[in-house]
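**Student:** Need a 3D model of the following:
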Amino acid sequence: MQEYDKLKQLVEACADDVAKAEGGNKAAGTRVRKAMQDIKNAAQDVRKTILEVRSSTPQ
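**Tutor:** Next up is the predicted model:
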């Protein structure tokens with residue numbers, strides 16, 4: 001699923017900034033917060049896609 005792959009890429013992309021933010025880097029913390037918002041939106045897209053798949057398949 002394309003949406004899930006995008007979600008995984010977003011999580012992996014912010015790993016370095018998370019480590020920097022833990023070390024006290026304020027700019028990295030700002031980047032992590034922005035990335036978390038993008039991850040939240042991508043997770044919502046995955047949820048929507050799963051619901052569409054579930055509702056389109058006969059039971």
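
**Student:** Cross-check the contact I'm expecting between Tyr4 and Arg47.
**Tutor:** No: with contacts counted by Cβ atoms under 8 Å, Tyr4 stays clear of Arg47, the gap being 10.6 Å. Where C-beta positions appear, they are placed from N, C-alpha and C, glycine not excepted.

**Student:** The two - which one has more neighbours?
**Tutor:** Tyr4 (14 against 11; other Cβ atoms under 10 Å).

**Student:** Contact partners for the residue positioned nearest the centre of the chain?
**Tutor:** Central residue check for the chain by Cα atoms, centre = their mean: the C-alpha nearest the mean position is that of Ile39, 2.3 Å away. By Cβ atoms under 8 Å, 6 or more residues apart in numbering, Ile39 lies in contact with Leu7, Leu10, Val11, Cys14.

**Student:** Closest one to Pro58 out of the residues you listed, please.
**Tutor:** In terms of Cβ to Cβ, no member of the contacts of Ile39 lies closer to Pro58 than Leu7, at 27.6 Å.

**Student:** okay, the closest one: pLDDT?
**Tutor:** Confidence at Leu7, expressed as pLDDT, is 96.

**Student:** Over to Pro58?
**Tutor:** pLDDT, read off for Pro58, is 76.

**Student:** try Ala27
**Tutor:** As predicted, Ala27 sits at a pLDDT of 97.

**Student:** I'd like to know how far it sits from Lys48.
**Tutor:** From Ala27 across to Lys48, the span is 32 Å (Cβ to Cβ, to the nearest Å).
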